[in-house]
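Asks: Could you work out the structure for the sequence below:
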Amino acid sequence: MGVRPKVHREELAGAISRIARRRAAVDDVHRDRLPDAADSDPREVLRYLRQFSGTDIPRWVLQADVCDALILNNWLWWEDRRTELHFLLEGRRRGLFLDQLGAQVGVGKQGVRDRIDRLEALLRYDRPNEKLTRAARAAAKVADQRRTAEDTWIKNHQAMLRDAIAELLEQAGRLVADGEDREWLDELAVDTNAEGDLGRTIMPILGLAVDELRTSPAVLALPATRPPHPVHEALARCDALRGAFAAVTDKPVGRAQRRRSEAIGL
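Replies: Predicted structure coming up:
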């Protein structure tokens with residue numbers, strides 16, 4: 001299994017809020033049992049969805065819930081990795097022997113060392129390779145190099161990003177009416193209309209806007225067609241750009257995403 005996509009805290013809050021708004025409209029019986037604050041425990045939200053997703057809930061709501069539930073699950077996957085690393089490091093700082101720690105996670109002494117290095121590498125570079133961390137102990141400049149690479153990529157792809165975002169917003173304007181769930185789509189429009197070049201923050205905002213449009217009732221209600229509906233093509237184009245941007249910093253990119261990147265000339 002590959003490494004899960006990282007989820008920003010804003011994406012987590014957005015997914016919880018979308019779930020709450022959908023369920024408020026269709027679930028009169030159990031709605032009061034859903035934790036609906038933006039900072040709610042995602043485990044509690046997932047528990048609600050698993051327990052109260054029967055045939056009385058419209059199909060489009062169930063489909064959108066799956067998309068947002070996977071965002072919550074990805075957040076928890078990364079949170080679990082952070083928690084394990086925290087307590088392994090705390091165990092060493094508090095004087096526990098390596099074999100004591102290893103007994104709790106099913107590895108030996110060297111396995112604990114490797115596990116710590118692997119988790120540090122995963123959380124720092126999004127790749128579970130302990131060798132990365134060992135090499136990085138003498139290379140603090142990696143973070144600066146990554147930021148430089150990201151800035152360079154965005155600078156070199158300004159026109160392509162603006163075209164893809166304009167197409168996405170055009171399709172959103174046709175399918176998602178004003179007043180509906182389009183907080184990040186509107187934010188994306190503001191950022192792309194601002195003077196000057198697009199900055200690095202455009203990429204997480206684009207990701208949030210893509211999630212928002214993909215899980216909107218109008219898009220979920222569209223039938224699968226050949227060729228794809230224009231909104232699906234716009235979403236795929238943005239996914240390809242996000243995949244190409246992730247590859248700049250050695251983040252894992254799926255085979256399908258890589259094919260889409262190559263198809264649009266990245």
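Asks: Pretty sure Pro204 sits against Glu10.
Replies: Yes: using CB atoms under 8 Å, Pro204 is in contact with Glu10, at 7.1 Å. Using the backbone N, CA and C atoms, a C-beta is placed for each residue, glycine as well.
Asks: now the nearest residue to Gly14 once chain neighbours are set aside: how far from Ala247?
Replies: Of all residues not flanking Gly14 in the chain, Leu208 sits nearest, at 5.8 Å (CB to CB, 6 or more residues apart in numbering). Counting by CB to CB, to the nearest Å, the gap from Leu208 to Ala247 is 20 Å.
Asks: more neighbours, those two?
Replies: Leu208 (21 against 16; other CB atoms under 10 Å).
Asks: does Leu198 sit in a helix, a strand or a coil?
Replies: Here Leu198 takes the coil state, with states given by DSSP: H, G, I helix; E, B strand; the rest coil.
Asks: how close does it sit to Arg162?
Replies: Counting by CB to CB, the gap from Leu198 to Arg162 is 7 Å.
Asks: quick one: which of these two has more around it?
Replies: Just comparing Leu198 and Arg162: by other CB under 10 Å the higher neighbour count belongs to Leu198, 19 against 14.
Asks: doesn't Thr192 make contact with that one?
Replies: Yes: counting by CB under 8 Å, Leu198 touches Thr192, with 7.0 Å between them.
Asks: Please identify every residue contacting each of the two.
Replies: Arg162 (CB atoms under 8 Å, 6 or more residues apart in numbering).
Asks: so what pLDDT did the residue nearest to Gly14 get?
Replies: Listed pLDDT for Leu208 reads 90.
Asks: got the contact list for it?
Replies: For Leu208, the residues meeting the contact criterion (CB under 8 Å, 6+ apart) are 8, 10-11, 14, 184, 187.
Asks: Pick the one among the residues you listed closest to Arg118.
Replies: Ranked by distance to Arg118 (CB to CB), these are led by His8 at 23.2 Å.
Asks: pLDDT value on the nearest residue to that closest one once chain neighbours are set aside, please?
Replies: Once flanking residues are discounted, His8 sits nearest to Pro204: 5.4 Å by CB to CB, 6+ apart. pLDDT for Pro204: 89.
Asks: which SSE is Pro204 in?
Replies: In this structure, Pro204 sits in helix 202-214 according to DSSP states H and E.
Asks: packing partners for the helix or strand just after that helix?
Replies: Next along the chain after helix 202-214, taking DSSP H and E as the criterion, comes helix 217-220. If contacts are counted by 3 or more CB pairs under 8 Å, 6 or more residues apart in numbering; DSSP states H and E, helix 217-220 sits against helix 59-93.
Asks: Pull out the buried positions in the helix or strand following the helix it packs on.
Replies: Following helix 59-93 in sequence order, the next helix or strand is helix 98-105 (DSSP H and E). Buried residues in helix 98-105, counted by 16 or more other CB atoms under 10 Å: 98, 101-102.
Asks: Having no further points to raise, I will conclude here.
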